[in-house]
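**Student:** Based on what follows, work out the 3D shape:
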Amino acid sequence: MQSSVVMPPVVSRILLPVDGSEHARRAAEAAIQIASEYKASLLIVSVVSPPAFFISGPVGAPADLTDYYRLETEDASSAVNSVAELAKQAGVSVTSQILRPGKSVVEAIVEFASDEKVDLIVIGTRGLGGFRKMLLGSVSSGVISHAHCSVLVVR
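**Tutor:** From the prediction side, this is the model:
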């Protein structure tokens, strides 16, 4: 009788999108644990996307979104840096990046994952509260639908 040995999947690069939410924190804990166990590198990203809506000045005048992007980038950096510090304390190899796509958050994450040849994406079920919660709540679903690799969704 021939026995077959089932080998665990090779996981060497893990992508962790974060937004500062509680769900992202729990996803980070899982990603760090998996990265540590598999000796995988962890790529942490946060996506700064255009505002869902904005009020501009006089008709035809371009909206000044400088302050919006500055504040959103600061928030994204804070979220990424806090998770990166936890990963480093756990002995995990970390790289991080803030993405500012011209596309949707889902497309930015999926394209980044493909370009970086990640083996696994670990993502929270929902993002930040309020209106943003509705927009980011669909991100995990979109990533599952379009990613080239396995996706672990953490509650």
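**Student:** Using the three-state scheme, assign Leu42.
**Tutor:** When classified by DSSP: H, G, I helix; E, B strand; the rest coil, Leu42 comes out as strand.
**Student:** That one: what's it in contact with?
**Tutor:** Counting by Cβ atoms under 8 Å, 6 or more residues apart in numbering, Leu42 touches 14, 16, 31-32, 35, 87, 92-95. Quick note: C-beta positions are derived from backbone N, CA and C, even for glycine.
**Student:** Take the residues you listed and keep only those in helices.
**Tutor:** 31-32, 35, 87 (DSSP state H).
**Student:** Pull the distance from stretch 21-39 to the chain's centre.
**Tutor:** 11 Å (Cα atoms, centre = their mean, to the nearest Å).
**Student:** any residues touching it, and which ones?
**Tutor:** Residues outside stretch 21-39 that contact it (Cβ under 8 Å, 6+ apart) are 11-12, 14, 16-18, 40-42, 44, 79, 83, 86-87, 90-93, 120, 122-129, 136, 152-155.
**Student:** Which residues outside stretch 78-92 are in contact with it?
**Tutor:** 16, 18-20, 24-25, 28-29, 31-33, 35-36, 40-42, 44-46, 94, 96-98.
**Student:** so who does the most centrally placed residue in the chain touch?
**Tutor:** By Cα atoms, centre = their mean, the chain has its centre lying nearest to Pro17, at 0.9 Å. By Cβ under 8 Å, 6+ apart, the contact set of Pro17 is 24, 44-47, 109, 121, 123, 139, 143.
**Student:** out of those, who's nearest Asp64?
**Tutor:** Val47 (21.4 Å; Cβ to Cβ).
**Student:** was I right about the closest one contacting Lys103?
**Tutor:** No. At 9.7 Å, Val47 does not count as touching Lys103 under the criterion of Cβ atoms under 8 Å.
**Student:** about what we covered before: just put the ones in helices among the contacts of Leu42 in JSON lines and tack on neighbour count.
**Tutor:** Listed next are the ones in helices among the contacts of Leu42 as JSON lines, based on neighbours: other Cβ atoms under 10 Å:
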{"residue": "Ala31", "neighbour count": "30"}
{"residue": "Ile32", "neighbour count": "24"}
{"residue": "Ala35", "neighbour count": "26"}
{"residue": "Ala87", "neighbour count": "22"}
